[in-house]
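Q: pasting the structure only:
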């Protein structure tokens, strides 16, 4: 089966989903997580193939959730991701 997305895309999709669910803006996430506008812009614009674990942890913190809660999504199903 062909993998359909890279890890960065999965993270970007999850961020978009949570922003909608929580009624948050990307700016609010930046403020809550301490991540720069450019770093989140690279994730959301899919300019990288991967994203670091520490960045994902900060994103989860920005949503006031644990890393496990953030990763609890079908976007992160192993059979859908290109892992390299």
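A: Structure's in. What do you need? Here the structure is a predicted model, which means the values were calculated and not measured.
Q: and the most centrally placed residue in the chain, what helix or strand is that in?
A: Geometric centre of the chain, nearest residue: residue 11, 2.7 Å, by C-alpha atoms, centre = their mean. Here residue 11, judged by DSSP states H and E, is contained in helix 7-22.
Q: buried ones in that helix?
A: Neighbour counts over helix 7-22 (16 or more other C-beta atoms under 10 Å) mark 7, 8, 9, 10, 11, 12, 13, 14, 15, 18, 19 as buried. For every residue, glycine as well, the C-beta is placed using N, CA and C.
Q: Contacts only, for the closest residue to residue 25 other than its chain neighbours.
A: Spatial nearest neighbour of residue 25, excluding adjacent residues (C-beta to C-beta, 6 or more residues apart in numbering): residue 19 at 7.1 Å. Shown in contact with residue 19 (C-beta atoms under 8 Å, 6 or more residues apart in numbering): 25, 26, 29.
Q: Relative to residue 26, how far out is residue 19?
A: The gap separating residue 19 from residue 26 is 7 Å, by C-beta to C-beta, to the nearest Å.
Q: re the thing from before, please report the distance of the residue nearest to residue 25 from residue 79.
A: Counting by C-beta to C-beta - residue 19 and residue 79 are separated by 26 Å.
Q: and what of residue 44?
A: Using C-beta to C-beta, we find residue 44 at a distance of 24 Å from residue 79.
Q: And those two? Which one has more around it.
A: residue 44 (17 against 7; other C-beta atoms under 10 Å).
Q: Do I have it right that the more buried one meets residue 12?
A: Yes. Here residue 44 reaches residue 12: they are 5.2 Å apart, a contact under C-beta atoms under 8 Å.
Q: ok, the buried residues of helix 7-22 vs residue 84, which is closest?
A: Using C-beta to C-beta, residue 7 comes nearest to residue 84 of the buried residues of helix 7-22, at 9.1 Å.
Q: Fine, thanks again, bye for now.
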